[in-house]
Structures are given as C-alpha cells and as structure tokens.
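Visitor: How does the following fold in three dimensions:
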Amino acid sequence: MVDLKTTIARGLAAPNPVLLASGTCGYGRELEPFLPLRELGGIVTKTVTLRARAGNPPPRITETPSGMLNAIGLQNVGVDAFCRDKLPYLTELGVPLLVSVMGHTVEELCAVVRRVCRDRGLSARTGFELNLSCPNVAYADARMFAHDPELVAAAVAAVRAVTDRPVVAKLSPEVPDVAVYAAAAERAGADAVTVMNTITGMVIDVRTRRPVLANGTGGLSGPAILPIAVRQVFQAARAINVPVIGVGGVRTAGDALQMIVAGASAVQVGTASFVDPAAAIAVRDGIAGHVRAEGGSLRDLIGSIRWGAESRDRPRPVERRAAG
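Guide: Coordinates of the predicted model:
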C-alpha cells in the first residue's frame, strides 16, 4: 500500500491529496457516473450563498489558449436548498467535504456558515472553504475580501467565531505577495489556505469589437495558470504553519506533484474535469505511482523543493510540519 495520507486543513485528514475543486464538479453528484467519488481525497462544493443566485447572463464561458474564461457569477441554489437537497448526498459519500461559501458582507458569510452548521446530519469531516476571491461578483464595499489582508483577517475571524469546524481561506492571485494574505488568514484562525483562484482576463471578438463574455471579464483557469499557482503555493507555504491547498491548472500527476513539492499538502482538480471527468482519479493514481517509485510517503514530498549548487542564494526548502 502506498501512503498518500495528508491533512487538508488543521483537524481534517484525508486518505489522499486530490480534491475536486469548487465550481467544476457541481454538488458532487454530477460527476458520479464518471469516477468513484468515495476514492477522492475530498470534494469542494460549488460555492453556496445565503440566497439562490441565477449568476451572470450568458455568454459566460469561452475557451482560451491553454484554458478557459468563465464568468458564471456564483449561480447556486442558496444555502437552504443546499442543506435540504445537496448536503445529504455529499454526507453519505463519507469523503472529506469543504463547503465553499461566499457572502457580499462578513455578516452574510457568517449567516451561510451558521445555517450549514445547524444541519443535524452534518459529517464530522466537513469544513468550510471561504470564497474570498471570486472575480466575477460585486462585493458590498466594492473591494474583494482577498485584496486586502485586513479584510481577509476580518472575514476569517468572524467565521472562526461562529464555528469550530475547519475554516479554509481561498485567496486571490491578484495581490503583490500572497504570503502576506496567507499569514493574515492564519493569524485570524484559518486552518488552511487555498491558493489560488482564477485570474481576471478578457477576450474580445474583433469582428464586433465587443467582449465575448456578457460580463466583460471572467476568471482564467486551466493549464495556462499552473506556473503562477505553483509559485504562489511556494510563497504561501513558506509563510504559514497550516496546510496549503494548491489549485490552478492541475491536469496530471506531474502538475499536482509540482504543487506538492512546492509546499501543498493537497491539490484540487478543476477545469481538467471538463475535459476528462475522471481526471482527479488519474491524478491520484499518478501521484501514487510516483510515491511508490520514490519509496516513501506523500509526507516526504510536501515542501521538498531543492535548489541546485549554482543557486546558493535561493530560498531554503520550506520546513513542513507534521501532516497528521
């Protein structure tokens, strides 16, 4: 047996490091025909808000070189319908679950978390991923939480005060130094951070001279953003002592292993699921093959980045805490 055990967030262990990313697997059941969901390291739900959202008007998805641009706008059923119609199925699966939640204000964010926590059937292996960084919705004060470390800390601290379940802060790539924001989240009580979200982009139809997306801009995801995500995982992992979950452009085991070596304790597979709905299982199996060949465990790889002799001035590898 290959030891792939890891910690998704403080207090939330997983049998392997591969999760389905928020917004790309619906509420889990949508991918049931294509892969054994119970074999995953975890599932991150589609983001849930206090009230149902129709999302942005179409067109809201377009392909780009090595990726895609989306401006879905957090279409979802709302927290009451989520708890009634979606959560029982997810709980029955028995895998670690992160409920992605978003609010236009801190008060809304906390209200969503409180409502989920009131569900009597909630699994002990359930935590929250705070979507502080969606680029396709408006926030109450026109500032995205994840673009201000003080707002990140305020949101995390507020949620921390209303739940004792694992809290994960999903950060934005569009900041000068993600380490500052990761550290702010940790100080406020986050049990992990997710790095990173999509990057705002635009595609223009040159015939009409109009943006292709009705929203004008959208979030870029897919292979094009992998190198940026790997760098941000590395920066965040060196700055904090809670787990880092890497996401952004992971299609293969090699992609995932880059993030793990950079310091991620777990990874999320997102856009790749649109191309191959079973991509997450292929990534997990590839990681297992690599760990088997290395003759150790996943823990031995986390944060194990090395520098060549010619790069003595480069940062030292991150010293990882125990994954258990």
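
Visitor: Going by residue numbers, what spans are helices in the stretch 101-250 of the chain?
Guide: When assigned using DSSP state H, counting those that start in this stretch, the helices of the stretch 101-250 of the chain occupy the ranges 106-117, 149-162, 178-187, 226-239.

Visitor: Can you lay out those helices as CSV showing distance to Met202, mean neighbour count and mean pLDDT?
Guide: Bear in mind the C-beta positions are built from the backbone N, C-alpha and C, glycine included. Converted to CSV, the helices of the stretch 101-250 of the chain look like this (distance: least, C-beta to C-beta, whole Å; neighbours: other C-beta atoms under 10 Å; pLDDT from 0 to 100):
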stretch, distance to Met202, mean neighbour count, mean pLDDT
helix 106-117, 28, 19, 97
helix 149-162, 25, 19, 97
helix 178-187, 23, 23, 98
helix 226-239, 17, 23, 98
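
Visitor: Turn these into CSV, columns for distance to Arg125.
Guide: Output for the helices of the stretch 101-250 of the chain, formatted as CSV (distance: least, C-beta to C-beta, whole Å):
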stretch, distance to Arg125
helix 106-117, 14
helix 149-162, 18
helix 178-187, 21
helix 226-239, 23
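
Visitor: I'd like to know how many residues surround Ala13.
Guide: Applying other C-beta atoms under 10 Å, we find 15 other residues in the vicinity of Ala13.

Visitor: correct me, but it touches Gly42?
Guide: No - under the criterion of C-beta atoms under 8 Å, Ala13 is not in contact with Gly42, lying 10.0 Å apart.

Visitor: for the stretch 1-150 of the chain, which spans come out with low pLDDT?
Guide: 136-143 (pLDDT under 70).

Visitor: residue boundaries of the strands in it?
Guide: Ranges of strands within the stretch 1-150 of the chain are 6-9, 12-14, 18-20, 42-44, 61-64, 67-70, 97-101, 126-131, based on DSSP state E, counting those that start in this stretch.

Visitor: anything in contact with each of Ala13 and Gly42?
Guide: Pro96 (C-beta atoms under 8 Å, 6 or more residues apart in numbering).

Visitor: Arg207: neighbour count?
Guide: By the criterion of other C-beta under 10 Å, Arg207 has 6 neighbours.

Visitor: got it, and Thr163?
Guide: Thr163 is surrounded by 15 other residues when neighbours are defined as other C-beta under 10 Å.

Visitor: Can you give me the distance of the residue nearest the centre of the chain to Leu226?
Guide: Against the mean C-alpha coordinate of the chain, by C-alpha atoms, centre = their mean, the closest residue is Thr194 at 4.8 Å. In this structure, Thr194 and Leu226 are separated by 15 Å, where distance is defined by C-beta to C-beta, to the nearest Å.

Visitor: how about the residue nearest to the centre of the chain, what does it touch?
Guide: Applying C-beta under 8 Å, 6+ apart, the residues contacting Thr194 are 129, 168-171, 244-247, 268.

Visitor: Would you format these as TSV with neighbour count and distance to Ala185 included?
Guide: Listed next are the contacts of Thr194 as TSV, based on neighbours: other C-beta atoms under 10 Å; distance: C-beta to C-beta, whole Å:
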residue	neighbour count	distance to Ala185
Glu129	29	12
Val168	28	9
Ala169	31	4
Lys170	30	9
Leu171	30	7
Val244	33	11
Ile245	29	12
Gly246	30	15
Val247	28	15
Gln268	30	17
